[in-house]
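Undergrad: whatever this is, show me its structure:
(2 chains)
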2 protein chains.
Amino acid sequence: MTEKAFQAYYPDDLSHCYGCGRLNPHGHQIQSYWDGEETVCRFTPEPYHTAFPSYVYGGLIASLIDCHSTGTASAAAYRAEGRPMDTDPPLRFVTGSIHVDFLRPTPMGCTLELRGTIKEVKKRKVVVSSTVSANGKVCAKGEVVAVRMPESWTP
Amino acid sequence: MTEKAFQAYYPDDLSHCYGCGRLNPHGHQIQSYWDGEETVCRFTPEPYHTAFPSYVYGGLIASLIDCHSTGTASAAAYRAEGRPMDTDPPLRFVTGSIHVDFLRPTPMGCTLELRGTIKEVKKRKVVVSSTVSANGKVCAKGEVVAVRMPESWTP
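TA: Numbers count the residues shown, from 1 in each chain, chains lettered A, B, ... in the order given. Predicted coordinates:
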């Protein structure tokens, strides 16, 4: 795994996301890393992130997939250009669409592992597939179409 | 609009959902109602529910669509059987899949309105389309395939 999370490279002005902003003290502050050709993120839900007792809320799972995928999109875009994530111009992505299939209830009380796979990298669009596993079993899988943030939005 | 929210009919054991459980003090506690053939839910994001400054976090939008749609599925299933939501057997739904298209950034600082439309009602599956609007403009639209919760899960 790489040492520095993708989200640690986001400029301060774009680090307030509830899902992944390191400057949002109320948020999930997820961190995503390269692991070979895949990306990985580990997250432990809070006890109140329930759907019903003992199982994780699907909206949280969708949120994790969302932010892990846009982070993965950013990392993939830099990698495609052969340059590190702390170089200009910044390549930030927002979610154009998300699809999640819930395959089985996701148990509480353990750390979830998200693994992202890059399906397509274009200049303005990156498609990322992600799985969410608990105790080694895939509980949900998602696909995000990430769209490059217009340059006027980036600092 | 009907007077009592769909979620107010959920039995206590199924009212801990982070998105819509009235017994989850940490959660969003959304409330959904019939408005003719559509369903409606209004929700005001907290200031920290940001994607980036001034705009609402997409994961929250997906979460609202998720819970409003499963609530709508439950209400639609009772309506299809011609009986009120406080009668047995309980008809509770979980999310089989969710798809959300983000059409434009959703502004902070206003109340969002979700409107749900029932696309299909079968015994074990209800499909619901929802829009999320801010200041009268549709910012996102979603589709949820809601699957009836196995009877062994319901109290």
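Undergrad: now the longest strand seen in chain A: average pLDDT?
TA: If you go by DSSP state E, chain A has its longest strand at strand A:137-148. Mean per-residue pLDDT for strand A:137-148: 98.
Undergrad: likewise stretch A:37-53?
TA: On average, stretch A:37-53 scores 96.
Undergrad: in it, what counts as buried?
TA: Judged by neighbour count using 16 or more other CB atoms under 10 Å in any protein chain shown, the buried positions of stretch A:37-53 are A:Glu38, A:Thr39, A:Val40, A:Cys41, A:Phe43, A:Pro45, A:His49, A:Thr50, A:Ala51, A:Phe52. (Glycine included, C-beta is placed from N, CA and C.)
Undergrad: thought the last one was touching B:Pro11?
TA: Meaning A:Phe52. No - A:Phe52 sits out of contact with B:Pro11 when judged by CB atoms under 8 Å, with a separation of 10.3 Å.
Undergrad: beta partners of the residue nearest to A:Arg124 when sequence neighbours are not counted?
TA: Nearest non-adjacent residue to A:Arg124, counting by CB to CB, 6 or more residues apart in numbering or on different chains: A:Arg148, 4.8 Å away. With DSSP bridges applied, A:Arg148 shows beta-bridge pairing to A:Phe93.
Undergrad: could you measure from A:Arg148 over to chain B?
TA: Distance of A:Arg148 to chain B, computed by CB to the nearest CB, to the nearest Å: 14 Å.
Undergrad: same question, A:Lys141
TA: 10 Å.
Undergrad: quick one, what contacts that residue?
TA: A:Val100, A:Asp101, A:Leu103, A:Ser129, A:Ser130, A:Thr131, A:Val132 (CB atoms under 8 Å, 6 or more residues apart in numbering or on different chains).
Undergrad: likewise for A:His68?
TA: Here A:His68 is in contact with A:Cys20, A:Ile30, A:Ser32, A:Thr39, A:Cys41, A:Leu114, A:Gly116, A:Ser130 (CB under 8 Å, 6+ apart).
Undergrad: and the fourth one, what is it in contact with?
TA: So the one you mean is A:Thr39. By CB under 8 Å, 6+ apart, the residues touching A:Thr39 are A:Phe6, A:Ser32, A:Tyr33, A:His68, A:Gly71, A:Thr72, A:Ala75, A:Arg115, A:Gly116.
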